[in-house]
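Asker: any chance you can model this:
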Amino acid sequence: MQTMAVFALALTLAAPAPTVHPTAAAGIAAYERGAFDEAFAILKPFVFDLPPNLNPQSSPEPFAALYLARMYARGQGTAVDTPMASVLYHFATQGLIERLGKDHALTAAAIEESKAAFDLSMLGDQDEVDGLLGCPFRDGVERTAIDLVGGGSVVVDRAGFQVIARGETTRTPARGTCGWHEVTLSVSGARLQAGARQRDFIEVFVWISGSGKGHIRRELQWRIFEVVRTKVVLRLAQPMQYVFDTPYPSTQMPDGVRDAALLRVNEEGAVVFTVKGVGSGVIK
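Answerer: Residues are numbered from 1 along each chain as shown. As a prediction, the model looks like this:
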């Protein structure tokens with residue numbers, strides 16, 4: 001708590017005062033008065049969504065990231081999530097160093113707080129931390145285990161895909177198939193008998209946020225992965241919907257989307273995807 005008091009004091013006394021985005025300021029104000037649920041509801045979508053400059057590759061606003069990191073670390077307004085807190089502290093301190101310099105009182109306080117928050121033994125799965133560093137703002141991902149034909153399983157989590165089969169465990173990192181700002185709506189397995197072969201697929205529905213000409217562009221995408229031996233391979237990334245300048249997406253599936261996407265085996269024994277009203281194709 002002492003570090004928090006130092007940071008709040010530095011935020012008040014630092015001259016010149018740093019510029020804080022109005023949304024971040026509102027979330028910080030709610031946090032400082034102890035309204036943690038309100039603070040989380042403001043700061044989480046603000047940090048996870050596109051930054052104010054709409055550049056998908058820009059880091060989040062550092063003050064918002066710092067307070068959200070603190071909430072994940074302490075379980076204030078949300079469950080404790082140490083890997084996410086670690087990653088947000090990383091973005092917050094790097095952003096404060098770039099904006100204010102390493103010797104500024106605010107930066108020094110943030111660095112000390114991040115060091116004091118936890119040690120390496122608390123981070124748990126290092127693969128998950130690495131996965132979050134590569135795909136930091138993947139919202140809605142819940143650990144999902146899917147059984148595989150012939151035994152074994154594949155686990156989908158924030159680190160990517162972990163295949164446990166054939167006496168070995170193999171990771172397929174998420175960073176090769178994700179954008180920085182996306183919201184996962186659904187993860188499910190599909191086993192299809194294609195001729196003499198059984199094939200294991202993973203279907204994922206996800207909102208991907210990007211920008212163009214000063215507008216937020218959100219794409220609802222149907223992704224189909226296939227488990228091939230001990231690897232997970234992306235077979236399809238099919239757009240389902242586009243919307244513009246909408247609020248941060250919900251993790252709820254829009255009506256009709258799941259029914260509009262069909263994965264099946266045709267009469268010739270080929271695996272076919274169909275999007276109602278759009279078309280179909282073969283997954284080789």
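Asker: give the buried residues for stretch 239-246.
Answerer: Within stretch 239-246, the residues that count as buried by 16 or more other C-beta atoms under 10 Å are residue 240. Every C-beta, even on glycine, is put in place using the N, C-alpha and C of the backbone.
Asker: give me the residues contacting that stretch.
Answerer: 205, 215-222, 254, 257, 260-261, 275 (C-beta atoms under 8 Å, 6 or more residues apart in numbering).
Asker: most neighbours among these, which one is it?
Answerer: residue 218 (24 neighbours; other C-beta atoms under 10 Å).
Asker: mind giving me the domain split of this structure?
Answerer: Domain segmentation of the chain under automatic domain parsing yields 2-124, 137-283.
Asker: what's the burial count for residue 133?
Answerer: Residue 133: 14 neighbours (other C-beta under 10 Å).
Asker: show me where the stretch 101-250 of the chain has helices.
Answerer: 105-117, 126-134 (DSSP state H, counting those that start in this stretch).
Asker: what about the stretch 101-250 of the chain, any weak spots by pLDDT?
Answerer: Low-confidence segments of the stretch 101-250 of the chain, defined by pLDDT under 70, are located at 118-125.
Asker: which stretches in it count as strands?
Answerer: Along the stretch 101-250 of the chain, the stretches classed as strands by DSSP state E, counting those that start in this stretch are 137-139, 144-147, 153-157, 160-165, 168-173, 181-194, 197-212, 215-228, 231-244.
Asker: would you mind writing the CA trace of the last one as PDB?
Answerer: Listed next in PDB are the C-alpha coordinates belonging to strand 231-244 (Å, rounded to 0.1, in the frame of the first residue of the first chain):
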ATOM      1  CA  LYS A 231       1.100 -29.700 -34.300                       C
ATOM      2  CA  VAL A 232      -1.900 -27.300 -34.600                       C
ATOM      3  CA  VAL A 233      -2.300 -25.800 -38.100                       C
ATOM      4  CA  LEU A 234      -4.500 -22.900 -39.100                       C
ATOM      5  CA  ARG A 235      -6.700 -24.100 -42.000                       C
ATOM      6  CA  LEU A 236      -9.200 -21.200 -42.400                       C
ATOM      7  CA  ALA A 237      -9.700 -17.600 -41.200                       C
ATOM      8  CA  GLN A 238     -13.200 -16.700 -42.600                       C
ATOM      9  CA  PRO A 239     -14.700 -13.300 -42.000                       C
ATOM     10  CA  MET A 240     -18.300 -13.500 -40.700                       C
ATOM     11  CA  GLN A 241     -19.200  -9.900 -39.900                       C
ATOM     12  CA  TYR A 242     -17.700  -6.400 -40.100                       C
ATOM     13  CA  VAL A 243     -18.800  -3.500 -37.900                       C
ATOM     14  CA  PHE A 244     -17.300   0.000 -37.400                       C
END
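Asker: and the next helix or strand past it?
Answerer: helix 257-260 (DSSP states H and E).
Asker: and that following helix, what does it pack against?
Answerer: Contact partners of helix 257-260 among helices and strands, from 3 or more C-beta pairs under 8 Å, 6 or more residues apart in numbering; DSSP states H and E: strand 231-244.
Asker: per-residue pLDDT, residue 17?
Answerer: pLDDT, residue 17: 62.
Asker: quick check: bridge partners of the most centrally placed residue in the chain?
Answerer: What sits nearest the mean C-alpha location of the chain, by C-alpha atoms, centre = their mean, is residue 138, with 0.9 Å. In this entry, residue 138 is beta-bridged to residue 182, by DSSP bridges.
Asker: so it versus residue 267, what's the distance?
Answerer: For residue 138, the distance to residue 267 equals 38 Å [C-beta to C-beta, to the nearest Å].
Asker: residue 171 now?
Answerer: 37 Å.
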